[in-house]
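Undergrad: structure for this input, please:
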Amino acid sequence: MATKKIIAICQSGGEFETNKDGSLSYIGGEAYAVDIDPEETQLSDFKQELAENFDSTSVDGMVIKYFLPGNKKTLIKVSKEKDFKRMVNFYGDSDQVEVFVTIEGAAAQNVSNMPASRSSRTTESEAVVLSAAPTDMIQGDDPVDMCTPNEAVPVRATKKSKPRRPTLPYPPTDIVHMDMSSEILPTGEHFAEWQNTITGVGQTFSSFAEFREAIRKYSIAHGFNYAYKKNETHRVTVVCKQEGCPWRIHVSRLATTELVCIKTMKSTHTCEGAVVKPAYRATRSWVGSIIREKLKGSPNYKPKDIASDFKKEYGIELNYSQAWRAKEKARELLQGSYKEAYNQLPFFCENIIEANPGSLATFTTKEDSAFHRLFVSFHASISGFQQGCRPLLFLDSASVYSKYQGVLLAATAADGDDGVFPVAFAVVDDETDENWHWFLTELKSVVSTSRKITIVSDFQKGIKESISEIFGGDCHHGFCLWYLADKLNKDLKGQFSHEARHLITQDLYAAAYAPKLEVFERCAGNIKAISPEAYNWVIRSEPAHWANTFFEGARNNHMTSNFGQLFYSWVSDPTELPLTITQVVDVLRGKMMELMYNGRVNSSRWDTRLTPSMEEKLKNETLKARSFQVIPLNGSTFEVRGESADMVDIDHWDCSCKEWQLTGLPCCHSIAVFECLGRDPYNYCSQYFTVESYRSTYAESIQPVPNVERALKLVDEETFTVTPPPVKRLAGRPKMKQAGSVEIIRRQLQCGRCKVIGHNKRSCKLSPRAEEEQ
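TA: Numbers count the residues shown, from 1 in each chain. The predicted structure follows:
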């Protein structure tokens, strides 16, 4: 009966890593399967087969280790036949055993000279041999081949690099391709230093990646093409791609270190006349690695400038497409993988909540696992809004400057000094009614509804219906005046001249800010005089949601939703590099963290009762009040006479000018009454404008999110996967919203002959030419 064989999975060239539970894992290297017959296989036979598989010419110095069954914490060394039999007995009932092989250093010979330059047309008969250096300077995994008398003998490298972990070999697609038809070597500012990136046997590199970079530059500077004969995790062999040329270089890792050493090098070329022209087809990864530092300093580095600089500095010609792809690769090297960032969202949201307890970070995906939307609200923002901010929120959106585009939805508040205070934000794939409804649902879960909130936003995109449905009677909805004026102008486009539409817009703004009904009606009458149709449009636009005369909420004269423009600009600046989804969140977090810190530091220096801007406004109103005459009427009601006569009720914080109610600060008429009665005006200011409330707003801190730059996490097959959203390519340059300006009307064509809008004098139907054609 045949004996059951054991399959030995033999691994070499990697390294051990310690897990959290103390067990060991073997990372990297290569593996071969070797059959072990428990009765016939001897240790010497086993070592010999290993030597053949791992390209070793000797079994001397070979070390074999294995784990005991069920124990991944202790390695057992096999040094003699008895140890080998014991290992076979341990795994007699198993189908396989894991074996780990290392090869301790063999003596290597080292000699000295610079390699013959390929561009100098050196042949074998012209090579010069110099005296040999001591032979005990190099140790390695593989034996060192002795150089023949006809070979150039290189020097030992003097460069010392910090050892790093080995990297995986380049994929086959990264083999360099060169056009060998030209007799002209490329020239550039960096070629002089590239000629010496490879010096010869004994030269060391910190990793295989560094060696591959060096051989690439060396081949360009010396004008030859090469290919990888072996491209593995522990050894690399490079040969000249010209058939029959003996040029060859072999490197492998030094024993017990992470350093990589040149073991053999045949530096002479026999392929005369085959050199590289400047049209070298560089890979985008290589070009990207070269330009990434320049791109970091100049995010607007254009592909045509990349191609021009590469030609000047390296003598290599790139077309626009190659330069553009290299720029994208450089961005990825600087910013990380855009695609991988989406897959890190589950881990990233967990980190946000873990670092900032009480925060909300959640995301959703579509059925195909594509990213849909992400909502974030930090505990410091939630607490600051509830403790110190007035119940006023501004909703708006902005495009995110990112590879996969996206839209930033945000809710911002106003602090006691009328500064921007971010409360919550979301990154969504598109600005839709559904996404706004989802954002408002999440927003309500983090803001307190014990106070009646005023929300200022656009009146379209489903926001109006969503606010009414989600917040109900606990909210006043104010329409953004900029969006209202923009809609009016779009609806009236083509009907009126530029000057007429400009006057209508001015009267619309005046009607919105009007504190009294008679002022609103006067402004509306001015619009009606220009166009009854425009007047009807204004009346149908629900003035109760945007005119101070009718609006029941407290906006403090903030009429547009672009109050948080500073917040949106943090991730919408096209002069910076596009951000990954996690970097968008972390940039906002970093800016908000800085905002919270500055708020605490600045307010600690204030010695006034009100914040600086409110203190200044109150002083200005106090100066106006000095010339007024105060006449008591009854109880808490007074008549104040100045340029006009106004009624003040100090118990109800009311003045007929409506400024007190609109701004939250006593107007000049009420201050005149306070001075007459000897009362302190500060006691009649909104509590949200006090320094105490301001400090409560910025009392909490936002903590950094760990590993946001390169969040690495071992995941299993059941881990949730998030993929990037599909990219939507729109025609033309992206439009940037410029909210807040009254002058939003573009001049239209007006005929100089018939005075009709929409065409010019040349195309007028009343022109003589048009009459002749008819």
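Undergrad: switch to C-alpha atoms for all contacts and neighbour counts from now on
TA: Fine.
Undergrad: need the contact list for the residue nearest to Tyr338 when sequence neighbours are not counted.
TA: Distance criterion C-alpha to C-alpha, 6 or more residues apart in numbering; nearest residue to Tyr338, sequence neighbours excluded, is Thr580 at 5.1 Å. Contacts for Thr580 (C-alpha atoms under 8 Å, 6 or more residues apart in numbering) come out as 335-338, 341, 402-403.
Undergrad: show me what contacts Phe425?
TA: Listed by C-alpha under 8 Å, 6+ apart, the contact set of Phe425 reads 375-377, 408-411.
Undergrad: average pLDDT for stretch 198-209?
TA: On average, the pLDDT along stretch 198-209 is 89.
Undergrad: for that stretch, the distance to its chain's centre please.
TA: 35 Å (C-alpha atoms, centre = their mean, to the nearest Å).
Undergrad: repeat for stretch 675-693
TA: Worked out by C-alpha atoms, centre = their mean, stretch 675-693 lies 45 Å from the chain centre.
Undergrad: cool, and stretch 24-38?
TA: On the basis of C-alpha atoms, centre = their mean, stretch 24-38 sits 41 Å off its chain's mean C-alpha point.
Undergrad: repeat that for stretch 643-659.
TA: 52 Å.
Undergrad: okay, how far is it across it, tip to tip?
TA: Using C-alpha to C-alpha, to the nearest Å, one end of stretch 643-659 lies 16 Å from the other.
Undergrad: got the buried residues for it?
TA: By 16 or more other C-alpha atoms under 10 Å, the buried positions in stretch 643-659 come out as 646-650, 653-659.
Undergrad: now render those residues as CSV, adding secondary structure and pLDDT.
TA: Below are the buried residues of stretch 643-659 laid out as CSV (DSSP: H, G, I helix; E, B strand; the rest coil; pLDDT from 0 to 100):
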residue, secondary structure, pLDDT
Asp646, strand, 87
Met647, strand, 91
Val648, strand, 91
Asp649, strand, 91
Ile650, coil, 90
Trp653, coil, 90
Asp654, strand, 89
Cys655, strand, 91
Ser656, coil, 89
Cys657, coil, 89
Lys658, coil, 88
Glu659, helix, 89
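Undergrad: list just the nearest of those residues to Gln42.
TA: In terms of C-alpha to C-alpha, no member of the buried residues of stretch 643-659 lies closer to Gln42 than Glu659, at 99.7 Å.
Undergrad: for the closest one, list the residues it contacts.
TA: Counting by C-alpha under 8 Å, 6+ apart, Glu659 has contacts 515, 665-667.
Undergrad: redo that, cut-off 7 Å
TA: Neighbour list for Glu659: Cys667 [criterion: C-alpha atoms under 7 Å, 6 or more residues apart in numbering].
Undergrad: cool, Glu15 as well?
TA: Counting by C-alpha under 7 Å, 6+ apart, Glu15 touches 26-28.
Undergrad: ok, now with 10 Å
TA: The neighbours of Glu15, taking C-alpha atoms under 10 Å, 6 or more residues apart in numbering as the test, are 24-29, 100, 102, 165-166, 258.
Undergrad: out of these, who's the most crowded?
TA: Phe100 (23 neighbours; other C-alpha atoms under 10 Å).
Undergrad: could you list the low-pLDDT ranges of the stretch 101-250 of the chain?
TA: By pLDDT under 70, the weakly predicted segments of the stretch 101-250 of the chain are 104-192.
Undergrad: out of the contacts of Phe425, which is nearest to Leu395?
TA: Ala411 (4.8 Å).
Undergrad: what distance do you get for the nearest residue to that closest one once chain neighbours are set aside to Ile382?
TA: Spatial nearest neighbour of Ala411, chain neighbours left out: Leu395 (4.8 Å); criterion: C-alpha to C-alpha, 6+ apart. In this view, Leu395 and Ile382 are 16 Å apart by C-alpha to C-alpha.
Undergrad: tell me the phi and psi of the residue nearest to Ala411?
TA: phi -110, psi 130 (degrees, to the nearest 10).
Undergrad: and the most centrally placed residue in the chain, what's its pLDDT?
TA: Nearest to the geometric centre of the chain sits Leu579, at 2.4 Å (C-alpha atoms, centre = their mean). At Leu579, the model reports a pLDDT of 77.
Undergrad: centre of the chain to the longest helix seen in the chain, how far?
TA: In the chain, taking DSSP state H as the definition, the longest helix is helix 581-603. Relative to the centre of its chain, helix 581-603 is centred 16 Å away, using C-alpha atoms, centre = their mean.
Undergrad: I'd like the numbering to begin with 14 instead of 1 from here.
TA: Fine by me, first position is 14 from now on; the one you just mentioned is helix 594-616.
Undergrad: now for the nearest residue to Lys17 once chain neighbours are set aside, how many residues are close by?
TA: Nearest in space to Lys17, with sequence neighbours left out and distances taken as C-alpha to C-alpha, 6+ apart, is Asp50 at 7.2 Å. Burial of Asp50 is recorded as 15 neighbouring residues (other C-alpha under 10 Å).
Undergrad: ok so, going back, which of the contacts of Phe438 fall in strands?
TA: Secondary structure from DSSP state E places 388-390, 421-424 of the contacts of Phe438 in strands.
Undergrad: out of those, who's nearest Arg344?
TA: Within the ones in strands among the contacts of Phe438, proximity to Arg344 (C-alpha to C-alpha) peaks at Leu421, which comes in at 21.6 Å.
Undergrad: excluding its backbone neighbours, what's nearest the closest one?
TA: The shortest distance from Leu421 to any non-neighbouring residue, by C-alpha to C-alpha, 6+ apart, is to Val440 (4.7 Å).
Undergrad: that neighbour bridge partners, please.
TA: Counting by DSSP bridges, Val440 is bridged to Leu387, Leu421.
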